[in-house]
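Undergrad: dropping a prediction and its sequence here:
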Amino acid sequence: MGLMLVLCKARLNELRVWKVKVSQLEEKVKLFEKDLEKHNGEKPILKNKINELEEKIKELQEKLLENDDEIDRLQSNKLLVKNQIKLWERAFEKLAARPF
């Protein structure tokens, strides 16, 4: 009977150890759940920020295209004025070269 008592005590101790380990693991699960809740809560905020940045990128791309168009227009106008200058210079030279 003494041997049975020792075996029962040993089994009870082993079961207590297992219960403590399971309890510790359950606490870890709770911590993971808390972290998951936090990160899942941040997800919509981050998605919103991404959408705002994408919208800002579109606006900047449109401004860049407008700027490129303005550069093209200004370069075209510059060439036209340079051509007019050349024409006026030639006309001036012809006028200056004509005899009185």
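TA: Ah, there it is. Residues are numbered from 1 along each chain as shown.
Undergrad: average pLDDT across the host helix or strand of residue 9?
TA: In the assignment (DSSP states H and E), residue 9 maps to helix 2-97. What helix 2-97 shows for mean pLDDT is 96.
Undergrad: elements contacting that helix?
TA: Where contact means 3 or more C-beta pairs under 8 Å, 6 or more residues apart in numbering; DSSP states H and E, helix 2-97 is not packed against any helix or strand. From N, CA and C alone the C-beta is placed, and that goes for glycine too.
Undergrad: off-centre distance for it?
TA: 2 Å (C-alpha atoms, centre = their mean, to the nearest Å).
Undergrad: the chain should start at 17 in everything you say after this.
TA: Got it, first residue is 17 now, which makes that one helix 18-113.
Undergrad: what about the spatially most central residue of the chain, distance to residue 84?
TA: Residue closest to the mean C-alpha point of the chain, counted by C-alpha atoms, centre = their mean, is residue 66 at 5.5 Å. Applying C-beta to C-beta, to the nearest Å, one obtains 27 Å for the distance of residue 66 from residue 84.
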